[in-house]
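A.B. asks: coordinates for the following, if possible.
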Amino acid sequence: MARIGFIGLGNMGSPMVLNLLKAGHVVRAFDLNPAALEASIAGGAVQAPSIADAVADAEFVVTMLPAGEHVRAVWTGADGIIEALRGRNQGPLLMDCSTIDVTSARAVTKAAEDAGLDALDAPVSGGVGGAVAGTLTFMVGGTPEAFARGRPVLADMGKSIVHTGAAGAGQAVKICNNMILAISMTGVAEGFALGVKLGVDPQKIYDVVSVSTGRCWALNDYCPEPGIVLGAPSSKDYVAGFTAALMLKDLKLSQDAAASVDAPTGLGAAATKLFQRTVDAGESAKDFSVIRRWLSKQGRKDVVS
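C.D. replies: Just a heads-up that it's a prediction; the model follows:
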C-alpha cells in the first residue's frame, strides 16, 4: 500500500484512481473541477483542497492533464508540485501520465530532478475502456531507477508497462502510436466509404478484410462502420472512448515533433488535415472513429487534391 497524490480527474484520471483504490492504495485527489472528483471520492479517495495538500505526504504523485501547458503549470508553477515539495527529504516519485509534447515532458523532468525529485513521463494507450478495466499500456521515459520504483504503482492501473528510454521517450512513443492509429483508422474508414459506394454490403467487407491482409485493430476491434462490431463506439452513435478532438491534438503533436527532427510523415500530415476537417464539422466530442461518418458525407473532390 502506498500514499498517492493524484491530480487531474477527467475521463481517464477518475477510473485510474479507482483502480489504485481497489489495489489498496491511499489516494488524495485534486482537480479544479469539483464535479470531476465525485466518482473518486465515492470510491474512497480523499479530496485534497489544493495541489500542496494532495502531495504533502505522498510517496508517489500522478498527474493526468490535458496538455503540456497544464503539466508545466501544475509541476513548476508557484503553487505547483515541485514548490510544495522543495526541501522535503525523500520526496515522492512524480509520474505524468498525460499526453503532451516531448519538450514539455523533458522540461518538467529536469525541473523535478533539479529539485532533487525523481520523475517519469508515462503516457498511456487504451482509452477510457482500458482505464476502467485496468488494462492500459504505459510508455515510460526516465531513468531505470525511477522506472523500477514506479512500475508497481503503474501496474495497478495497467497491463503492459514498458520502459521506452530516457526522459521524453514515453511521450515520443505515444505520439508515434497515435499517429499510426489515426492513419490506420483513416484507411479503414476510406475502405468502407469506397466499398459501400461500390454497392458492397459493409458486413461482407468486414468478413473478408478482418481475416485478410488488411486486418488491424482499427478494423477488427474498433470498426468505424456502425453495426459491425457491436461494442465499438460506431455502433453506439460514436460515443467517445477517445474523442476526435484528442486525436487531432495528438496528431498535431506528432507533426510538430516530426518538423523538429525533419522526419517524413506524409500520411500523418494527411490524417491531421482530415481529422481537422472532421472536428471542424462538429464531430469533436465524438469518438475519433467518427471520421467514417464524416467521410460518408464527402465526395472524392472534397478530400483529394
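A.B. asks: relative to its centre, which residue of the chain is most distant?
C.D. replies: residue 199 (36.8 Å; CA atoms, centre = their mean).
A.B. asks: that one sits in which helix or strand?
C.D. replies: Following DSSP states H and E, one finds residue 199 outside all helices and strands.
A.B. asks: so for it, what's the pLDDT?
C.D. replies: With respect to pLDDT, residue 199 has a value of 98.
A.B. asks: against residue 205, how distant is it?
C.D. replies: Look at residue 199 and residue 205: by CB to CB, to the nearest Å, they are 11 Å apart. (Glycine included, C-beta is placed from N, CA and C.)
A.B. asks: residue 225 now?
C.D. replies: Residue 225 is 8 Å from residue 205, by CB to CB.
A.B. asks: mind listing the helices in the stretch 1-150 of the chain by residue range?
C.D. replies: Taking DSSP state H, counting those that start in this stretch, the helices of the stretch 1-150 of the chain run over residues 13-22, 38-42, 51-55, 68-76, 81-85, 102-114, 127-133, 144-155.
A.B. asks: a markdown table for those, including distance to residue 253, mean neighbour count and mean pLDDT?
C.D. replies: As requested, the helices of the stretch 1-150 of the chain are exported to a markdown table (distance: least, CB to CB, whole Å; neighbours: other CB atoms under 10 Å; pLDDT from 0 to 100):
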| stretch | distance to residue 253 | mean neighbour count | mean pLDDT |
| --- | --- | --- | --- |
| helix 13-22 | 19 | 23 | 97 |
| helix 38-42 | 27 | 16 | 93 |
| helix 51-55 | 25 | 21 | 96 |
| helix 68-76 | 9 | 20 | 97 |
| helix 81-85 | 23 | 21 | 95 |
| helix 102-114 | 8 | 20 | 96 |
| helix 127-133 | 17 | 19 | 91 |
| helix 144-155 | 22 | 17 | 98 |
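A.B. asks: got those helices as TSV, with distance to residue 240 columns?
C.D. replies: As requested, those are exported to TSV (distance: least, CB to CB, whole Å):
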stretch	distance to residue 240
helix 13-22	14
helix 38-42	17
helix 51-55	27
helix 68-76	20
helix 81-85	29
helix 102-114	25
helix 127-133	8
helix 144-155	24
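A.B. asks: ok, which of these comes nearest residue 209?
C.D. replies: With CB to CB as the criterion, residue 209 lies closest to helix 127-133 of the helices of the stretch 1-150 of the chain, at 22.7 Å.
A.B. asks: ok, residues contacting that closest one?
C.D. replies: 11-12, 15-16, 18-19, 124, 136-137, 157-159, 240-242 (CB atoms under 8 Å, 6 or more residues apart in numbering).
A.B. asks: any weak-confidence spans in the stretch 201-305 of the chain?
C.D. replies: 305 (pLDDT under 70).
A.B. asks: what's the distance between the closest residue to residue 68 other than its chain neighbours and residue 227?
C.D. replies: Nearest residue to residue 68, sequence neighbours excluded (CB to CB, 6 or more residues apart in numbering): residue 104, at 3.4 Å. Counting by CB to CB, the gap from residue 104 to residue 227 is 41 Å.
A.B. asks: circling back to that earlier point, quick check: of the contacts of helix 127-133, which lies closest to residue 213?
C.D. replies: Looking across those and measuring by CB to CB, the closest to residue 213 is residue 137, at 24.8 Å.
A.B. asks: quick check, residue 174 in contact with residue 125.
C.D. replies: Yes - using CB atoms under 8 Å, residue 174 is in contact with residue 125, at 6.9 Å.
A.B. asks: which of those two has more neighbours?
C.D. replies: residue 174 (28 against 18; other CB atoms under 10 Å).
A.B. asks: find the nearest non-adjacent residue to that one, please.
C.D. replies: Sequence neighbours aside, residue 123 is the residue nearest to residue 174 in space, at 4.0 Å (criterion: CB to CB, 6+ apart).
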